[in-house]
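> Okay, structure incoming, though there's no sequence with it:
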């Protein structure tokens, strides 16, 4: 079989308009195109990559009182 020799990051650009239109014609009885039960959401809001919590290290994962520090 195929063996991975090097690690790396793969990048791709996908035009969703090119993907959906041919699928509509292929799936004439709408067995796969169930837009009423399937939803894809993309959150484009910028998020902070790290959060600092107050408190003891032992309580960081279990304590509901751990509060995010203000920015």
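That came through fine. Fair warning: this is a prediction, and the values are worked out from it, not measured in the lab.
> Would you confirm that residue 17 belongs to a helix?
Yes: assessed by DSSP: H, G, I helix; E, B strand; the rest coil, residue 17 belongs to a helix.
> which residue ranges form the helices in the protein?
Along the chain, counting by DSSP state H, helices occupy 16-26.
> okay, residue 34: pLDDT?
pLDDT recorded at residue 34 is 66.
> Please apply the same query to residue 30.
60.
> Ok, residue 45 next?
Confidence for residue 45, expressed as pLDDT, is 91.
> Kindly report the same for residue 60.
Per-residue pLDDT puts residue 60 at 58.
> Can you list the low-confidence ranges for the protein?
1-2, 19-35, 56-71 (pLDDT under 70).
> again, 90 this time
Applying pLDDT under 90 to the chain flags the ranges 1-43, 46-71.
> burial count for residue 4?
6 (other Cβ atoms under 10 Å). C-beta here means a position set from N, CA and C on the backbone, and glycine is covered the same way.
> Relative to residue 45, how far out is it?
Going from residue 4 to residue 45 by Cβ to Cβ, to the nearest Å gives 34 Å.
> same question, residue 51
Counting by Cβ to Cβ, the gap between residue 51 and residue 45 amounts to 15 Å.
> Comparing those two, which shows the higher neighbour count?
Between residue 51 and residue 45, counted using other Cβ under 10 Å, residue 51 has the larger neighbour count: 9 against 4.
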